[in-house]
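K.L.:
The amino acid sequence is not available; the structure is as follows:
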């Protein structure tokens, strides 16, 4: 079945450090790929997405590139802030599967001042 | 616009009690979803509704029922709550694109 595997956390960083969260997927067909973010006590918000190979999604300084050859969608940010402390989820969906989302387990990121 | 709203925000039940979680959206979306979030497991789909009048099982439907009351509302019912259903429940909606929009969640504890 369709699945997402993402880097286990927790991850603790200092402000202005670089962040990379690895995400790989298994899917039949050509999925859309997403990163969702969950700030403490809140629901999930879409951070960025990519719908086809080589697309790059970007938002709030975060980027991820849809790599079909390596079935990956790694999340990167060059300089994190304390406000980036959150749980990050990688996910995929397929139109053929009613756009149901399959999520990774989530990675907790804490940024220290 | 409120987007996706969920009630209640918090609930404590005793084993065997029943309750209904409510979800409403003002985004005019056709599809609605119920997920549960458990530590280390991400979110798992319980049930979904691709359009008004239809519902389908997701990955973990046992112990739950749903009702798509109209286009705006999608409720999740626990008929006889069990401690294993202690979780955070999220409702989500999607329109004609592949992006889902989430509500703020309901934190449920079953004693």
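P.N.:
Arrived safely. Please read all numbers here as calculations on a predicted model, not as lab measurements.

K.L.:
Now do the phi/psi pair for the residue in chain A positioned nearest to chain B.
P.N.:
Chain A approaches chain B most closely through residue A:103 (3.7 Å), counting by C-beta to the nearest C-beta. C-beta coordinates here come from the backbone N, C-alpha and C atoms, glycine included. When quoted as degrees, to the nearest 10, the phi and psi of residue A:103 stand at phi -100, psi 150.

K.L.:
tell me which residues form a beta bridge with it?
P.N.:
residue A:91 (DSSP bridges).

K.L.:
ditto for residue A:23
P.N.:
With DSSP bridges as the rule, residue A:23 is bridged to residue A:6.

K.L.:
residues touching the residue of chain A closest to chain B, list them.
P.N.:
A:4, A:36, A:89-91, B:42-44 (C-beta atoms under 8 Å, 6 or more residues apart in numbering or on different chains).

K.L.:
hmm, 10 Å instead?
P.N.:
The contact partners of residue A:103, by C-beta atoms under 10 Å, 6 or more residues apart in numbering or on different chains, come to A:3-4, A:6, A:34, A:36, A:44, A:89-92, B:35, B:37, B:41-45.

K.L.:
now do residue A:16
P.N.:
Residue A:16 neighbours (C-beta under 10 Å, 6+ apart): A:78-81, A:111.

K.L.:
what does chain B put close to chain A?
P.N.:
B:3-4, B:6, B:31, B:33, B:35, B:37-45, B:48-51, B:54, B:56, B:58-59, B:88, B:90-92, B:94-105, B:107 (C-beta under 10 Å from any C-beta of the partner chain).

K.L.:
Please type out the ChimeraX selection for whichever of the residues you listed turn out to be buried.
P.N.:
In ChimeraX, this line selects whichever of the residues of chain B next to chain A come out buried by 16 or more other C-beta atoms under 10 Å in any protein chain shown:
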select /B:4,6,31,33,35,37,42,43,44,45,48,49,50,58,88,90,91,92,94,98,99,100,101,102,103,104,105
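
K.L.:
and the nearest residue to residue B:68 once chain neighbours are set aside, backbone torsions?
P.N.:
Distances taken as C-beta to C-beta, 6 or more residues apart in numbering or on different chains put residue B:49 closest to residue B:68, at 4.3 Å, once the chain neighbours are dropped. With angles defined as degrees, to the nearest 10, residue B:49 sits at phi -140, psi 110.

K.L.:
wouldn't residue B:49 be in contact with residue B:74 here?
P.N.:
Yes: Residue B:49 is within contact range of residue B:74, at 5.7 Å (criterion: C-beta atoms under 10 Å).

K.L.:
intersection of neighbour lists for these two?
P.N.:
What both residue B:49 and residue B:74 touch, as defined by C-beta under 10 Å, 6+ apart, is the set B:31-34, B:55, B:66-68, B:93.

K.L.:
any chance of the residues you listed in JSON lines, with distance to residue A:25, secondary structure and pLDDT too?
P.N.:
Formatted as JSON lines, these follow (distance: C-beta to C-beta, whole Å; DSSP: H, G, I helix; E, B strand; the rest coil; pLDDT from 0 to 100):
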{"residue": "B:31", "distance to residue A:25": "21", "secondary structure": "strand", "pLDDT": "93"}
{"residue": "B:32", "distance to residue A:25": "24", "secondary structure": "strand", "pLDDT": "95"}
{"residue": "B:33", "distance to residue A:25": "19", "secondary structure": "strand", "pLDDT": "96"}
{"residue": "B:34", "distance to residue A:25": "23", "secondary structure": "strand", "pLDDT": "97"}
{"residue": "B:55", "distance to residue A:25": "27", "secondary structure": "coil", "pLDDT": "96"}
{"residue": "B:66", "distance to residue A:25": "28", "secondary structure": "strand", "pLDDT": "97"}
{"residue": "B:67", "distance to residue A:25": "33", "secondary structure": "strand", "pLDDT": "96"}
{"residue": "B:68", "distance to residue A:25": "29", "secondary structure": "strand", "pLDDT": "95"}
{"residue": "B:93", "distance to residue A:25": "23", "secondary structure": "strand", "pLDDT": "95"}
